[in-house]
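Enquirer: Need coordinates for the following:
(one chain, ligands or ions: 1)
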Amino acid sequence: MAELLDGKAIAQSIRAELRVEVARWRDQGILPSLAVILVGADPASIVYMKSKHKAAQDLGIELRQVQLPEETTEDELRHVIRFLNADPQIHGIMIELPLPKHINKAGVMAAIDPLKDVDGMHPVNRGYIMSGEDGLIPATPQSCIEILLRSHVPIAGQHAVIVGRGDTVGKPLLFLILRQQATVTVCHSRTPDLAAFTRQADILIAAVGQARLITGDMVKPGAVVVDAGINETSGGICGDVDYAGVSEVAGWISPVPGGVGSLTTVLLLRNLLKGLALQRGRLRD
Ligand code: NDP
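Expert: All right, here's what the predicted structure looks like:
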């Protein structure tokens, strides 16, 4: 039976680290503050925003909710972003997705100051992921790496197979795991005979969005399996990995819920503090 990659426990220890860091900023008279922009009233986005609010409060971080009507134009949204970019009391900005169809997502993401871009979506931060420079890295791929590192799973020299090349998870993860000295294969919907690749993985990471796509017969015995998928099914939330079958074969496995997803909010807030430190560095330059 596979050992558990316990996202909840790891999130708890990161939260303890962040509390210390937040207290240090507050002692210097700086209240770390995140602005979350919500355009429209998507019910799931409202839930996410509230849960971020709670998580931020728990760490002593201020969260400013900026709620805009559905009919907000792209220009108006850019204006709000520019205003928040210029506000020295705001250290991070994130936009809840999805945006209404009339707003170009990439365009507005690129309007955020890269040092306030806690979601790591700005082209500058995207570039830093590739070059290995110190920027803000999106929370979910960061979470996949963090869960491995904090569980003391060796990565260097291992063959990592990522299933999924999406902009949110798979693609950034490719560069992050490469940085950890793994040999990397990326599979996608046009990969013929997916199982032939997944069976070669020492570390298998699923980031697809298809419930239980990865089954026990697709996994090498003893492999480390990280499940970044979140799928809503009639039986509740499940990952891209068939947990029951794969945990019989794998050496390590992350559950859904309780794995990768448990870390994403706390890593987003860690990005806020990292961005704040980078902004202070810019002031000193
Ligand atoms: P995308 O939809 O952008 O990408 C999905 C990828 O999966 C694509 O590269 C697609 O291939 C590939 N794919 C689809 N079907 C197959 C298949 N049968 N075999 C192999 N590859 C396939 O997804 P995201 O990157 O946005 O998200 C991936 C998953 O991560 C989702 O389940 C999402 O819910 C989850 N997620 C989890 C978060 C968390 O907090 N834990 C946060 C964000 C996302 P192609 O490129 O060829 O189309």
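Enquirer: how about the helices in the stretch 101-250 of the chain?
Expert: Assigned by DSSP state H, counting those that start in this stretch, the stretch 101-250 of the chain shows helices spanning 105-109, 123-131, 139-150, 170-179, 194-198, 243-246.
Enquirer: Break this protein into its domains for me.
Expert: Segmentation of the chain into domains, based on automatic domain parsing, reads 31-113, 139-262.
Enquirer: Check which residues of stretch 25-39 are buried.
Expert: By neighbour count on 16 or more other Cβ atoms under 10 Å, the buried set for stretch 25-39 is 25, 32, 33, 34, 35, 36, 37, 38, 39. No exception for glycine: its C-beta is placed from N, CA and C like everyone else's.
Enquirer: and the domains of the chain as JSON lines, adding distance to residue 278 and mean pLDDT?
Expert: Shown next, in JSON lines, are those (distance: least, Cβ to Cβ, whole Å; pLDDT from 0 to 100):
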{"stretch": "domain 31-113", "distance to residue 278": "10", "mean pLDDT": "96"}
{"stretch": "domain 139-262", "distance to residue 278": "16", "mean pLDDT": "97"}
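Enquirer: now, of those, which is deepest in the fold?
Expert: Compared across those, domain 139-262 shows the largest average neighbour count, a mean of 20 (mean count of other Cβ atoms under 10 Å).
Enquirer: dump the residue contacts of the residue nearest to residue 262 when sequence neighbours are not counted.
Expert: Leaving out its chain neighbours, the residue that sits closest to residue 262 by Cβ to Cβ, 6 or more residues apart in numbering is residue 7, at 3.5 Å. Applying Cβ atoms under 8 Å, 6 or more residues apart in numbering to residue 7 gives the contacts 143, 147, 254, 255, 258, 259, 260, 261, 262, 263.
Enquirer: and of those residues, the nearest to the ligand?
Expert: Nearest to the ligand, judged by Cβ to the nearest ligand atom, of these is residue 261 at 3.7 Å.
Enquirer: who's in contact with that closest one?
Expert: 7, 143, 230.
Enquirer: What residues of the longest helix that the chain contains count as buried?
Expert: In the chain, taking DSSP state H as the definition, the longest helix is helix 261-284. Residues of helix 261-284 classed as buried by neighbour count (16+ other Cβ under 10 Å): 261-276, 278.
Enquirer: Helix 139-150 and that helix, what's the angle between them?
Expert: Helix 261-284 and helix 139-150 are oriented at 100 degrees to each other (axes from the mean of the first three to the mean of the last three Cα atoms, to 10 degrees).
Enquirer: Helix or strand: which one has residue 65?
Expert: When elements are assigned from DSSP states H and E, residue 65 belongs to strand 62-68.
Enquirer: Just want the angle from that strand to helix 261-284.
Expert: Using the same axes, to 10 degrees: strand 62-68 against helix 261-284 is 100 degrees.
Enquirer: Which strands or helices does strand 62-68 pack on?
Expert: Applying 3 or more Cβ pairs under 8 Å, 6 or more residues apart in numbering; DSSP states H and E, we find strand 62-68 packed against strand 33-39, helix 43-59, helix 74-86.
Enquirer: out of these, nearest to the ligand?
Expert: Closest to the ligand of those is helix 43-59 (Cβ to the nearest ligand atom; 9.8 Å).
Enquirer: Any residue of the closest one touching the ligand?
Expert: No. Against the ligand, helix 43-59 shows no contacts by Cβ under 6 Å from any ligand atom, the least distance being 9.8 Å.
Enquirer: I figured residue 252 hits residue 227, correct?
Expert: No. Counting by Cβ atoms under 8 Å, residue 252 does not reach residue 227; the two are 11.2 Å apart.
Enquirer: re earlier: turn the helices and strands packed on strand 62-68 into a markdown table, including distance to residue 155.
Expert: A markdown table is the format used below for these (distance: least, Cβ to Cβ, whole Å):
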| stretch | distance to residue 155 |
| --- | --- |
| strand 33-39 | 30 |
| helix 43-59 | 27 |
| helix 74-86 | 36 |
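Enquirer: for the ones you listed, which one sits closest to residue 235?
Expert: Ranking those by proximity to residue 235 (Cβ to Cβ) places helix 43-59 first, at 18.9 Å.
Enquirer: how big is the angle separating that closest one from strand 33-39?
Expert: Angle, helix 43-59 to strand 33-39, by the same axes, to 10 degrees: 170 degrees.
Enquirer: nearest residue to residue 166 other than its sequence neighbours?
Expert: residue 207 is the one closest to residue 166 (Cβ to Cβ, 6+ apart), at 6.3 Å.
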